[in-house]
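# dropping the sequence and predicted coords here.
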Amino acid sequence: MTFDSETISIDDFEDVNDYLYRREMTDGLPVVPPTAERVERMLEGTSREPDEELGTIPPKYGVATVEKIAINAVMAGCESAYMPVLIAAVEAMTKEEFNLYGVNATTHPVAPMLVVNGPIVEEINLNYGYNVFGQGYRANATIGRTVRLLLVNLGGGTPGDMDRATHGHPGKYSFCIAENEKKNPWDPLHVQRGFGEDESAVTIMGVEAPHEINDHVNEKPAELLTIAADVFATVGNNNSHHTHGEICIVLGPEHADTIARNDWSREDVQWFLYDNARNELETLRTVGTTDNYTWHHRFEVENDDARIPLVETPEDVTVVVAGGAGKHSMALHSFGETRSVTVGIDEEV
Amino acid sequence: MCVNSTRTDDGASIEILDPRGEVNYDATPIAERLDSLEGATVGLLDNSKSNADVFLEAVGEQLKSEYGVDEVVYRRKDKSPIPADAIADQLVSQCDAVVNAYGDCGSCTSWCVYDSIDLEKKGTPVATINSDEFIKLGQSEAQSLSMPGLPLVMVSHPMGDLEEPKVLDRAENALEEIVAVLTTDRDDLEDEYAERYLAADEELSDESLYCPIDL
């Protein structure tokens, strides 16, 4: 098999890692050397042609060919069966509404997070249960890692160069979960977005690191979600004053059950957080965040007691169920000027 | 192609494939510049970053009082990390030139540079303001967006938490370069600005913010 990519000839495993690391082509961790044989085996995971161009990755706008995805997937430690997820992820994050040109250069601590749904989750053994945002699963770890390597090697996202994150966050190493569809009392995320339950899909969101919502006591949905709303409604996040953003709540299965057994729908959760995750206009004015953004109608009200939502509509609250046992959920604020995108995975694994 | 052979004996080394993406672009020239600002209408594009309004208002006043600009048209983006789009189109139709302020963070620099290139491609010359900390990012992005010669005017960083007199000072200091960028011959400008910041000998940004990989 011939490749479009240039071949680099190096002594051994250690030298490969030294070479790639020093030329800022890694995330800092050791990588698997992307030899032609390994890349060829990775490409067996997809029927797409290696030279197919899926888009360009800003801000450097390197061309995302299937071959380049496979090379970076080898480096990250993927199995070939993960390729369809990676291809869908690249298609999703290069959609204009995701605003990767902003996301991959910004000072804000944002990273693209993948949420995978459908039969592929079990087929490739993605974690949707205990420690879902944490370590331990090859598919989650290496798929998320590949996305980061693509943002570096195709997008130019080297820290201090074109990735200007003031701090970044730990999810920039890898940020990929699956939904716990077995414990989701409502429609799974991809079904909410028009896919069939027997289809697989990837949703990409530009979000901050997850923040704990702890409620070990409440039995009523409104009480539990009041705590969630309070975690969301802070003034120092981008959603408090940006207009195109979404927020995402990742409900632990026990919290989801508490809500659903009281006959609350997913839409009720969205409406509750839309109605209650708000900041008072006076507070926003006091801290000054409205000064930069005076055009928007959200702030064009006279009453200082007005409570300003984090998002424009209830539909902008994304509800995901994931995790193991325990009375915890997670709040994820977004970059603010980004829209989540769901793309179907159309290949057999 | 072998780009780095560290071993002369054959067969024992590992051959790997380059993980970096190809970057393809055809360089696009910047817009033709004005002969002079006398009688011109100049757009002031505020990307809504803090103090951009103060900076631009001061620049606009001086352009009118000192350089014979007839009118300024002030427009403000709703948010910094999104394209100006319709606002840019308005400025193209109403103005002879534009001052675009500013890039002083990551995503706002991205879209500031994007907006300027959008305006330049539509034939309107722009003076694009970036802070020193972010101007290399701005120039890299101008290259990636196919306009390596985009003239970027540098101001000190940060701009966001300055008292007004200091903002006015920076506007005053930048004024001459803004005028030059809008009125110098296009080819001369491209020669002057392409690679200007990326190739700069002196360190433009604060080195203590950046940990280089020890090469």
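Now that the structure is in, tell me what you want to look at.
# contacting residues for residue 129?
All of this is about chain A. By CB atoms under 8 Å, 6 or more residues apart in numbering or on different chains, the contact set of residue A:129 is A:180, A:322, A:323, A:324. In this view, the C-beta of every residue, glycine as well, is placed from N, C-alpha and C.
# hm, I was asking about chain B
The contact partners of residue B:129, by CB under 8 Å, 6+ apart, come to B:55, B:99, B:100, B:101, B:102, B:103, B:112, B:152, B:153, B:155, B:174, B:178.
# what do you get for residue A:283?
residue A:235.
# buried residues in stretch A:47-57?
Buried residues in stretch A:47-57, defined by neighbour count with 16 or more other CB atoms under 10 Å in any protein chain shown: A:48, A:50, A:54, A:55, A:56, A:57.
# per-residue confidence for residue A:283?
We have a pLDDT of 87 for residue A:283.
# surely it forms part of a helix?
Yes: assessed with DSSP: H, G, I helix; E, B strand; the rest coil, residue A:283 lies in a helix.
# tell me which residue of chain B lies closest to chain A.
residue B:21 (2.2 Å; CB to the nearest CB).
# now that residue, nearest residue through space, not along the chain?
The spatial neighbour of residue B:21 that comes closest, neighbours along the chain excluded (CB to CB, 6 or more residues apart in numbering or on different chains), is residue A:62 at 2.2 Å.
# is there proximity between the lengthiest helix in chain B and chain A?
For chain B, the helix that runs over the most residues, judged by DSSP state H, is helix B:164-183. No: legend: contact between helix B:164-183 and chain A by CB under 8 Å from any CB of the partner chain is lacking; minimum distance shown is 13.6 Å.
# measure how the next helix or strand after that helix sits relative to helix B:164-183, angle-wise.
Counting by DSSP states H and E, the next helix or strand C-terminal to helix B:164-183 is helix B:186-193. Orientation of helix B:186-193 against helix B:164-183 (axes from the mean of the first three to the mean of the last three CA atoms, to 10 degrees) gives an angle of 130 degrees.
# who are the contact partners of the closest residue to residue A:109 other than its chain neighbours?
Distance criterion CB to CB, 6+ apart; nearest residue to residue A:109, sequence neighbours excluded, is residue A:169 at 4.5 Å. Going by CB under 8 Å, 6+ apart, residue A:169 touches A:109, A:110, A:111, A:208, A:209.
# most neighbours among these, please name it.
When neighbours are taken as other CB atoms under 10 Å in any protein chain shown, the top entry among these is residue A:110 (30 neighbours).
# ok so, going back, the longest helix of chain B: which residues count as buried?
Going by 16+ other CB under 10 Å, helix B:164-183 has these buried residues: B:167-168, B:170-171, B:174-175, B:177-183.
# surely residue A:241 meets residue A:284?
Yes: Residue A:241 is within contact range of residue A:284, at 6.8 Å (criterion: CB atoms under 8 Å).
# how deep is residue B:64 tucked in, by neighbour count?
Neighbour count of residue B:64, defined by other CB under 10 Å: 15.
# which helices and strands sit right next to the helix or strand hosting it?
In the assignment (DSSP H and E), residue B:64 maps to helix B:52-67. When contacts are defined as 3 or more CB pairs under 8 Å, 6 or more residues apart in numbering or on different chains; DSSP states H and E, helix B:52-67 sits against strand B:41-46, strand B:71-76, strand B:97-103, helix B:164-183.
# can you name the residue of chain A nearest to chain B?
Closest residue of chain A to chain B, CB to the nearest CB: residue A:62 (2.2 Å).
# check contacts around that residue.
A:56, A:68, A:153, A:154, A:155, A:156, B:20, B:21, B:22, B:23.
# the fourth one contacts residue A:65, correct?
This points to residue A:154. No: in this structure residue A:154 lies outside contact range of residue A:65 using CB under 8 Å: 9.2 Å.
# inside strands: which ones of the buried residues of stretch A:47-57?
If you go by DSSP state E, these have A:54, A:55, A:56, A:57 in strands.
# and the helices in chain A?
Remark: helices assigned in chain A by DSSP H are A:13-22, A:36-43, A:66-76, A:83-93, A:100-103, A:120-123, A:138-153, A:189-192, A:221-232, A:253-260, A:266-276, A:281-287.
# show residues contacting the first one.
Right, helix A:13-22. Residues contacting helix A:13-22 (CB under 8 Å, 6+ apart): A:8, A:10, A:26, A:28, A:30-31, A:33, A:75, B:4, B:6, B:14, B:16, B:19, B:213, B:215.
# check the second one too.
Contacts of helix A:36-43 with the rest of the structure, by CB under 8 Å, 6+ apart, involve A:1, A:3, A:7, A:32, A:50, A:66-67, A:70-71, A:73-74, A:78, A:80, A:83, B:15, B:17.
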